[in-house]
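> got a structure for you, letters missing:
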């Protein structure tokens, strides 16, 4: 085996916004012997994870699971519902929205890409107006990223739904929840999303390698006429065999073991508690950033992410050099700035299998790294986070009593 | 965790022709904590597994690794090299050849599908003749399955190459080695294959979830003009970033740990020894089948598979009932007959992480299952296998001395 | 890590009579993070394993668990109940009985050691007679080995109890079940045993490192006056704190995780079924040995062991050379002849986490090893075992219907 | 499996002074299949771990390894070297010294127990004086605890040696390093220790279940005449067979796998660096305690422990209630006050597989726990620790440059 993290004692702090720290229980589950994917035991497993994923998506509609990374689920959403040269409306909320847009173009779709500053979420009013203007319904789908992993900015999907409804436009709504599902509240059915895209390696606390689509009846109907070529991603064959717990081609059995375990953990904690926990960790992190006197990339507090916080490094300082220092001194990985944010921000992942003390350790690593790197800042970030965490913990206790 | 194989003591015998028994070393490797896929350690891992896979494919050309199952590698081979309505020549060697053909059609290709009886490999002469007849080079690619997993029949790829060369036809040669790679000799470069397709869960001794393409310079050139839409499977972005050990989207990190370990095991044993071992296990199995008086599906001894043996069940008996009996009584999974072979054959997988004694246990399970099922047969199958294994073991020893 | 079994592909066959093959479920349990041995979760674990062990011993009396190997449990039995120069009656049933006797002498006890031929169990009548002759009750304890691991010969403990009772002698009865517990029926209470000695690495399917005493009220009373010095092994401190699930000194936490899992497996299968399974495997093995024309060391069929079979190698042949050949060619470990049986017998372990096919693989390895080693034998051992296993499997099925 | 730590997300913080957090690498090693303890592979393993332990003890003399917990190594030290009614000089440095003393009495030794206040280490001058007064050498051994786990106070073994030497007294010197070995510098040979006692579950980063003695030539000579009864703990049989890598009775194979891995980790980091790391974590912890305005139990800074810090809780407050609060709110286990320190102190373990960020998380958990528990304190403990850790990290870097 390639020796991992051999440069240091103690556990590595994997505080990028995904892949996240995989719980021991999930790793042990993945480590079980592979079984016959056509045998009776597999059917039980398959049905259990499909049912569990519906609970996580908050949907009664169909869910499919691919042996793929999240990028594959983006592609599945597009090729199952659209035809060559269809027009898709997308919004430049950040790096991943941009990648999805590029994929759509590569797949032969036309994309109208509404410009953004990477510091705000989607402007629902703008979408509504654009759809209203689209009298002859050229636009076939609106694609939104719920939580932009590159920026730590969320978009309000319920509001987006309302704006689309108000416009009376029939476009499909497709939402990327790759870095929000399992960390922030998300409601596929209630919010009227047509295709939800997700991956395994963030809030679901798994290694990368599984990708998901939740599919509304409207999206399913669209797939009947959608003319983009597809085979691996084709929903139809999946949905035909899934009710028995099996898959049309060999599934990623061992990752499904992990999914089963991760779902048990999420449901045991309770999704609502999981979301509150993530909120608290996000808020504690933001208080630390403010105490340091640094800038949070996300400009609108209503759009803060519970999954990650992107922090702007003062001019004249290198975010990448800082991250390297933190990795070298404190055995912690932080997320890098991507594309036009390269070297300008670092991202603190605070999602997945995380607790208060690991978060405090994470923030301590950032604060000590700032000190060692000579990046201008005030002390007291960890203190601010602790003050909030102990207060909110006490409050939670009081409420519970 | 869903309790696996809880119905019986002892290890489950997973003797389907894949997924195969995953070695403990590989399972433990997969169980390591997930790391930052953009960090320095990952680059070392990525470079190592890419280099290792080239050795397995026996190529100096490019190899790409997808987070996907083998089916995805089929799709990648087609969409990277071909354009809508291109004509592809395929041969009906069995169920998986048929599935690949169906995929090609779904992706918008035209397929000429040479009929077969599922008991023979590819007739190179027939291919050569067909290509010669294709004066204006309508045929863009010949697709062949090296080892048909549904039948235990192999095709001679070197001969196929020669036939194509003799015809002077420029068609690409694409070969599916999903159930042969790592079990039988295969030479991407020497045999002039343009795209080799592979998966993780057979001879590579991994769980399912990784898929591979080995890519000749000619195939790479073809990808420049190939017009089938592609994004997830696009070689170009892979190859651009792979030299640094990284991937364009999140790779299946933990399965790559497993791949690293599996490659170490294969190289430690030595690929040639691995192939001899598989040959011996195939031959021992066939001797058992003959001793039982049962029929081997594969009719041409030159085309026997070292990875699996499909056994024909006498008329009036159900192969599926037999398999169920074996599972119930002896905690062993055997491969089912697929499609038109359904209920007519069972398949014994003898590939991957397997040794003499596990094979004898496997054959004992078949022989006792035949007895319990009341399927007409003679005793002595395991004995025949043992005789061969101990003789060939002694011979090997003598040769080594 | 030291690479284990790196000389061969496939799973090692660990067919010594212990340590036995540890099930994956147990290994995974052991692999969990160590917890605070004074915290609330530990108490739950401690109580569960102590209660479970009582079920295995079939006792309502006290059980103690030591971080030690079985040898330690021998010592615990002696030092808790006896005083310097006390006379103990022991029987030379084999190597381990001899080791226990040597230990008793080292600890300052006097031992009367009834000679034996290592091919028979204890003669209850002889014990009864000896006790009757001991008018003034010089003998303080009778020590018996339930299943002599060195020979594959069992002793009838119920009969021994009866003989002691008939003699009207008050001696304690101490029984070593190290290689029988969890494989063969054993009844601490019903058979009136005073101290039962056990270890983790045989029928309990754990790695070595845990040792057990089951303790009758009479033994406990004896410990009040027993004057042999003791501290680590002292029952008193154990029993004082055990009811809360804790231990007087740091317990082997991770092995206790494994014990918890192993107990769940044994109870899920059902102890009675576990014993029948072991009986069948013993009988199948003996049929194989007879078919080979070799001699079973145990001379009295009533005393056959369900845990192991010792096989006598014909004069002029080396059992150790044979075992080496089997290890080299077939990646299987067999038990060696110990002490005066050295090089004269080999022992086949057929206990623990084992099923029919693994047993057939084991016997195939023996049969092929005999062939390669040139040891005179007839073929057909595996066949005889298979015949029995499939018949008895069908019978079991019919009975169940 | 009993679900562990199911009450909370994220990793449990096991910050008791042992068992310590077991590294993933070690857990994975322990999880390997058990092998034949008399086979060739085992010999390699046995020799490797015995040699490795000599490096850790810094000795060229003999080392023995028992399947037992540390308490067993105490007993082994005594029973191998002493005779009934021998007089032993011990010092009441804390709870564990008191337990060792009680054990010596139970084993039939006479103990002179020098009273202590549990806040200081051994007074070498006092020992020297006592030995000088012992003209006829009634005292056969001096027993010292290097690092008293109950108090976080160390004793200066080199000074003790010097005092014994100055007295010209021939008593053996026996030292308990259960909670110091692998965390603090220790030199069996250089300091002239006769028997060193150690266990697996602290600085060696293993689960509990292995116990060690390092044995000087003088101690070995003493064992020739020592009359305390012994069998399990007898050095003689161990030392007779150990050179081949084997053991006289079944060793705890899987824990030895873990030991092999842990030794590799310690040597890869370098013992000197390991000790510096532990010193830094101790110092950072003490700065935090002082910043909180709380009292460190250890009164003499020369005797501070690098393995743990015991913190005195202000009068009127319950240390146990505090620990329960921390466990409930922050999923962290802290060490309890033992015996006469019960409910008066809590102990922070900062040894084993630990890094800066985990330590900061630990101290954050203490600081937030103090807040929630309403224990009077000042804020700023984590800040003080971070200031020290980042400074000393920079200094280390500068030195290295």
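Perfect, I can see it now. Model, not experiment: these values are computed from the prediction.
> what residues does the stretch 101-250 of chain A put near chain B?
A:103, A:106-108, A:199, A:201, A:207-209, A:228-232, A:234, A:249-250 (Cβ under 8 Å from any Cβ of the partner chain). Just so you know, the C-beta spots here come from the backbone N, C-alpha and C atoms, and that holds for glycine as well.
> Please produce a PyMOL select command covering the buried subset of those.
Here is the PyMOL command that selects only those of these that count as buried (16 or more other Cβ atoms under 10 Å in any protein chain shown):
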select buried, chain A and resi 103+106+107+108+199+201+207+208+209+228+229+230+231+232+234+249+250
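> hang on, isn't residue A:219 packed against residue A:192?
No - in this structure residue A:219 lies outside contact range of residue A:192 using Cβ atoms under 8 Å: 11.0 Å.
> So for the two, which sits in the more crowded spot?
residue A:219 (25 against 17; other Cβ atoms under 10 Å in any protein chain shown).
> Touching the one helix or strand that one maps to from outside, list them.
Using DSSP states H and E, residue A:219 sits within helix A:217-225. Helix A:217-225 is contacted by residues A:61-62, A:80-83, A:172, A:194-195, A:215, A:235-236, A:239 when judged by Cβ atoms under 8 Å, 6 or more residues apart in numbering or on different chains.
> tell me which residues form a beta bridge with the closest residue to residue A:77 other than its chain neighbours?
Nearest-residue entry for residue A:77: residue A:195, 4.2 Å, with adjacent residues in sequence omitted and distances by Cβ to Cβ, 6 or more residues apart in numbering or on different chains. Counting by DSSP bridges, residue A:195 forms beta bridges with residue A:174, residue A:215.
> swap in residue A:144?
Counting by DSSP bridges, residue A:144 is bridged to residue A:175.
> Please tell me how far it sits from chain B.
Separation of residue A:144 from chain B (Cβ to the nearest Cβ, to the nearest Å) stands at 19 Å.
> That residue: how many residues sit nearby?
Residues near residue A:144, counting by other Cβ under 10 Å: 26.
> and if you look at residue A:22?
26.
> Please apply the same query to residue A:392.
Number of residues near residue A:392 (other Cβ under 10 Å) recorded here: 16.
> If you count neighbours, what's buried in the longest helix anywhere in chain A?
What stands out as the longest helix in chain A, according to DSSP state H, is helix A:271-292. Within helix A:271-292, the residues that count as buried by 16+ other Cβ under 10 Å are A:274-275, A:277-289, A:291-292.
> how many other residues sit next to the residue nearest to residue A:77?
29.
> for residue A:363, what are its contacts?
With Cβ under 8 Å, 6+ apart, residue A:363 has these contacts: A:284-285, A:288, A:348, A:381-382, A:385.
> which one of these is nearest residue D:358?
For the contacts of residue A:363, the residue nearest residue D:358 by Cβ to Cβ is residue A:382; the value is 14.0 Å.
> Please name every helix or strand in contact with the helix or strand where the closest one lies.
Element membership for residue A:382 (DSSP H and E) is helix A:381-400. Judged by 3 or more Cβ pairs under 8 Å, 6 or more residues apart in numbering or on different chains; DSSP states H and E, the packing partners of helix A:381-400 are helix A:271-292, helix A:356-373, helix D:356-373, helix D:381-400.
> Go through the residues of the stretch 101-250 of chain A next to chain B and flag which are in strands.
Using DSSP state E, the subset of those located in strands is residue A:199.
> For the residue of the stretch 51-200 of chain A found nearest chain C, give me its contacts.
With Cβ to the nearest Cβ as the measure, residue A:200 is the residue of the stretch 51-200 of chain A nearest to chain C, at 20.9 Å. Residue A:200 makes contacts with A:70, A:206-212, A:255, A:258-259, as judged by Cβ under 8 Å, 6+ apart.
> So residue A:106 is in contact with residue B:229, correct?
Yes - between residue A:106 and residue B:229 there is a contact under Cβ under 8 Å: 6.9 Å.
> distance of the residue in chain A that chain C sits nearest to from residue C:33?
The nearest approach of chain A to chain C comes at residue A:28, 5.2 Å away (Cβ to the nearest Cβ). Separation of residue A:28 from residue C:33 (Cβ to Cβ, to the nearest Å): 10 Å.
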